[in-house]
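**Student:** no sequence for this one, just the structure:
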């Protein structure tokens, strides 16, 4: 695995550090008035979800890990395991539903997700940034409510609560941003 300098760490980079695999979540380059520059990096453990704040100086060397990325189609869920099919080999794999975290409700049957592997171990599952959902419950539109930019609560067909504009009603399809958990546009 190639080693990189501490000041070359970018958000999203996967590093081998302290005997584990860590993803750089936030990177802040600091140049104090006294002393050398360093990168303040917020790391997240890819295996157990722990977080760590670490300082890396430019002369520090860290192992940069390259993960293998595969597009796989979601088939179904059984006993807390998600079953995906490899689009090239048609091989089925069972992955832990914890890999998706709080974005799990947005995973839909037949959806293509990007799964990142370290050897044979699946570490991350990424679903599309925007998915189409149906509004199952929301408040009715009130006259005069559209003068200022306002939002009202709504419940989607997958049980997730989001805020939507007042002109969107029940049984309408909307595009939802899965990273920010917010309304994007009408579908």
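**Tutor:** Arrived safely. Note that this is a predicted model, so its numbers are computed, not measured. Residues are numbered from 1 along each chain as shown.

**Student:** which one is residue 105 nearest to, not counting chain neighbours?
**Tutor:** Counting by Cβ to Cβ, 6 or more residues apart in numbering, residue 158 is the residue found nearest to residue 105 once chain neighbours are left out, at 4.0 Å. For every residue, glycine as well, the C-beta is placed using N, CA and C.

**Student:** okay, now that neighbour: neighbour count?
**Tutor:** 15 (other Cβ atoms under 10 Å).

**Student:** Could you list the domains of the chain?
**Tutor:** 3-64, 68-126, 130-186 (automatic domain parsing).

**Student:** Please compute how far the longest one lies from its chain's middle.
**Tutor:** Here the centre of domain 3-64 is set off from its chain's centre by 19 Å, with Cα atoms, centre = their mean, to the nearest Å.

**Student:** go on, stretch 123-135?
**Tutor:** With Cα atoms, centre = their mean, you get 9 Å for stretch 123-135.

**Student:** so what's residue 96 up against?
**Tutor:** The contact partners of residue 96, taken as Cβ atoms under 8 Å, 6 or more residues apart in numbering, are 80-82, 122.

**Student:** Any of the residues you listed buried? List them.
**Tutor:** Buried by 16 or more other Cβ atoms under 10 Å: 82, 122, out of those.

**Student:** Dump the domains of the chain into JSON lines; add mean pLDDT as well.
**Tutor:** Converted to JSON lines, these look like this (pLDDT from 0 to 100):
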{"stretch": "domain 3-64", "mean pLDDT": "89"}
{"stretch": "domain 68-126", "mean pLDDT": "90"}
{"stretch": "domain 130-186", "mean pLDDT": "86"}
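
**Student:** circling back: mind checking how far the residue nearest to residue 105 is from residue 108?
**Tutor:** Remark: distance between residue 158 and residue 108 (Cβ to Cβ, to the nearest Å) = 8 Å.

**Student:** quick one: which of the contacts of residue 96 is nearest residue 91?
**Tutor:** residue 122 (12.9 Å; Cβ to Cβ).

**Student:** Quick check: closest non-adjacent residue to the closest one.
**Tutor:** The shortest distance from residue 122 to any non-neighbouring residue, by Cβ to Cβ, 6+ apart, is to residue 95 (5.0 Å).

**Student:** Next: residue 16.
**Tutor:** Distance criterion Cβ to Cβ, 6+ apart; nearest residue to residue 16, sequence neighbours excluded, is residue 63 at 3.8 Å.

**Student:** Now do the buried residues in the host helix or strand of the one you found.
**Tutor:** Assessed by DSSP states H and E, residue 63 sits inside strand 61-64. By 16+ other Cβ under 10 Å, the buried positions in strand 61-64 come out as 62, 64.

**Student:** looking at it, residue 72 is touching residue 82, isn't it?
**Tutor:** No - between residue 72 and residue 82 there is no contact, the gap being 9.7 Å when judged by Cβ atoms under 8 Å.

**Student:** Regarding residue 26, what is its secondary structure?
**Tutor:** Of the three states, residue 26 takes strand according to DSSP: H, G, I helix; E, B strand; the rest coil.
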